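1. I need the structure of the sequence given here:
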Amino acid sequence: MPATPLVRRPDEPGTRRATAIELGILQGGYLLFLLPWFFLAIGGTMSLANWDSVAAAFVILAWWVYPVVALATTVAAWVLFANRLLGAARWVNRVPLAWVLVGVALVGWIAVAG
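-> Alright, predicted model coming up:
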């Protein structure tokens, strides 16, 4: 049977601890990002609130789903971690980084433009 990414492998020394630290640091960052995210979400919703545009509704929906994605990936990452699927846990935990990077870029753009 060919190896798949979800195959359990013996832990290398320190790998499990390093994975737990990475999960904790990233999830702490996701939690801290909720404050600026809230202001960006409110401002973005007000600026894109054009009900004649379907694209604007998708942008608003994509932005407002961040807390759900952060919570779901946090739970999934720790479940994978508990099942010793460390690589999968790391990748699942990195999914909300897309929202964080876009948010940081928006905050930077607002700071420079203002």
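
2. phi, psi of the closest residue to residue 64 other than its chain neighbours?
-> Closest residue to residue 64 apart from its sequence neighbours, by Cβ to Cβ, 6 or more residues apart in numbering: residue 41 at 5.8 Å. The C-beta positions use only the backbone N, C-alpha and C, and glycine is treated the same way. Torsion angles at residue 41 (phi, psi; degrees, to the nearest 10) stand at phi -70, psi -40.

3. Around residue 41, how many other residues sit close by?
-> Number of residues near residue 41 (other Cβ atoms under 10 Å) recorded here: 17.

4. quick one: contacts for it?
-> Counting by Cβ atoms under 8 Å, 6 or more residues apart in numbering, residue 41 makes contact with 63, 64, 66.

5. Compare those residues and tell me which is most surrounded.
-> residue 66 (22 neighbours).

6. Return the distance of the residue nearest to that residue when sequence neighbours are not counted relative to residue 54.
-> Leaving out its chain neighbours, the residue that sits closest to residue 66 by Cβ to Cβ, 6+ apart is residue 99, at 4.5 Å. According to Cβ to Cβ, to the nearest Å, residue 99 and residue 54 sit 21 Å apart.

7. which one of those two has more residues nearby?
-> Per other Cβ under 10 Å, whichever of residue 99 and residue 54 has more neighbours is residue 99, with 20 against 9.

8. With just CA atoms, put whatever helix or strand residue 21 lives in into PDB.
-> Using DSSP states H and E, the element containing residue 21 is helix 15-32. Output of helix 15-32 as PDB, limited to C-alpha atoms (Å, rounded to 0.1, in the frame of the first residue of the first chain):
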ATOM      1  CA  THR A  15       8.900  16.700  16.800                       C
ATOM      2  CA  ARG A  16       5.700  16.400  18.900                       C
ATOM      3  CA  ARG A  17       6.800  19.200  21.200                       C
ATOM      4  CA  ALA A  18       7.800  21.500  18.300                       C
ATOM      5  CA  THR A  19       4.400  20.800  16.700                       C
ATOM      6  CA  ALA A  20       2.500  21.700  19.900                       C
ATOM      7  CA  ILE A  21       4.500  24.900  20.200                       C
ATOM      8  CA  GLU A  22       3.700  25.800  16.600                       C
ATOM      9  CA  LEU A  23       0.100  25.100  17.100                       C
ATOM     10  CA  GLY A  24      -0.100  27.200  20.300                       C
ATOM     11  CA  ILE A  25       1.800  30.200  18.800                       C
ATOM     12  CA  LEU A  26      -0.200  30.300  15.600                       C
ATOM     13  CA  GLN A  27      -3.500  29.900  17.500                       C
ATOM     14  CA  GLY A  28      -2.600  32.700  19.900                       C
ATOM     15  CA  GLY A  29      -1.900  34.900  16.800                       C
ATOM     16  CA  TYR A  30      -5.300  34.000  15.400                       C
ATOM     17  CA  LEU A  31      -6.900  35.000  18.700                       C
ATOM     18  CA  LEU A  32      -5.000  38.300  18.800                       C
END
